[in-house]
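[1] what shape does this take:
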Amino acid sequence: MPKAVRVSSTGGPEVLELVEVDQPRPGAGELLVEVGAAGVNYIDTYHRSGLYPLPLPFGLGLEGAGRVSAVGPEVTGFSVGDRVAWKQAPGSYAEQVVVRAAEAVAVPDGVSDEVAAAIMLQGMTAHYLVASTYPVQAGDTILVHAAAGGVGLLLIQLAKARGARVIGTVSTEEKERLARQAGADEVIRYTEVDFTEQVRRLTDGQGVAVVYDGVGRTTFDGSLASLRPRGTLVLFGASSGPVPPVDPQRLNAGGSLFLTRPTLAHYAADRAELDWRAKELFDAVADGSLSVRVGGRYPLSEARRAHEDLEGRRTTGKLVLLPH
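    Coordinates of the predicted model:
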């Protein structure tokens with residue numbers, strides 16, 4: 001019987017259990033996939049903790065890559081043996097998972113399962129942030145929080161490819177080195193200085209065009225204060241906790257600012273958009289213009305440790321679980 005990580009009661013990383021499950025079978029429009037690598041994301045910790053409630057019990061994980069082992073009825077475009085990746089298949093922390101064919105994208109030769117898994121949710125997030133939510137233009141100065149994280153390192157590279165000047169925030173010397181290697185022009189260690197003051201200094205008092213903030217509670221106020229007039233705060237995560245309610249008048253006082261809270265589902269709303277984002281990312285990996293850092297590899301049995309490391313901010317780049 002295949003194994004999967006399940007959550008029977010919400011809480012800390014200790015609630016994650018590796019258990020044997022019934023053999024999954026694909027239904028209409030579905031694929032059964034042997035998971036080669038499953039991506040670990042902050043949203044998984046929100047599901048595990050109950051911050052984003054799901055009916056109990058449930059299989060954890062959304063993202064991964066692997067090889068199709070069975071095809072359900074009414075599926076076109078995929079066959080047994082194809083390599084695929086996905087950003088949205090509940091229960092992806094598993095040896096086998098059922099993936100809707102509408103969510104699967106073909107993985108090109110030369111892209112490993114680890115990289116494919118690492119690029120789906122975080123890569124597509126970084127892509128829609130710089131290409132669609134606030135389309136970065138040549139000459140823009142932007143601020144990226146958690147610049148050495150999985151999304152952060154991809155955001156830096158994609159924004160630099162569009163001609164931006166990138167300021168990143170990090171907590172350690174090692175993370176600063178990684179952010180600079182990814183192309184960040186300036187890196188602020190927020191543990192040592194006030195990042196808002198440094199952003200103002202680095203922009204001659206003007207502020208940045210956009211802040212990409214996946215941290216949330218602890219950075220929100222400083223992010224607003226780092227924007228130029230008519231700048232945009234893109235709040236796409238809450239690794240430090242959710243942001244309290246905000247008085248819209250603050251946007252006026254800050255300079256007619258924009259605030260948005262996007263999510264990937266709305267930026268990969270149809271097959272054409274999903275394929276466009278996936279193709280641009282895979283092409284960039286293939287031609288060497290986008291480097292995907294896999295910062296931690298864990299067997300499926302150590303999903304708990306992966307969550308502990310992620311929430312303890314002991315990680316850089318992308319974390320993946322390797323079921324086999």
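
[2] can you count the residues close to the spatially closest residue to Val243 that is not a sequence neighbour?
    Distances taken as C-beta to C-beta, 6 or more residues apart in numbering place Phe220 nearest to Val243, at 4.7 Å, with adjacent residues excluded. All C-beta atoms are positioned from the backbone trio N, CA, C, and that covers glycine. Around Phe220 there are 22 other residues, counting by other C-beta atoms under 10 Å.

[3] check contacts around Phe220.
    Going by C-beta atoms under 8 Å, 6 or more residues apart in numbering, Phe220 touches 213, 233, 235, 243, 246.

[4] for Leu259, see how far away it is.
    9 Å (C-beta to C-beta, to the nearest Å).

[5] between these two, which contacts overlap?
    Joint contacts of Phe220 and Leu259 (C-beta under 8 Å, 6+ apart) are 233, 235, 246.

[6] the residue nearest to the last one when sequence neighbours are not counted: which element?
    Right, the one you point to is Val246. Excluding its sequence neighbours, the residue lying closest to Val246 (C-beta to C-beta, 6+ apart) is Leu259, at 7.2 Å. Per DSSP states H and E, Leu259 falls inside strand 258-260.

[7] residues of the helix or strand that comes right after that strand that come out buried?
    Where DSSP H and E defines the elements, the next helix or strand beyond strand 258-260 is helix 271-286. Neighbour counts using 16 or more other C-beta atoms under 10 Å place 274, 277-278, 280-282, 284-285 of helix 271-286 among the buried residues.

[8] helix 271-286 packs against which elements?
    Secondary-structure packing of helix 271-286 (3 or more C-beta pairs under 8 Å, 6 or more residues apart in numbering; DSSP states H and E): strand 105-106, helix 113-128.

[9] and the shared contacts of Phe220 and Leu259, which is closest to Arg305?
    Leu235 (28.8 Å; C-beta to C-beta).

[10] correct me, but that closest one touches Leu259?
    Yes: with contact defined as C-beta atoms under 8 Å, Leu235 reaches Leu259; the gap is 6.9 Å.

[11] which of the two has more neighbours?
    Leu235 (22 against 18).

[12] may I have the beta-bridge partners of the more buried one?
    Asp213 (DSSP bridges).
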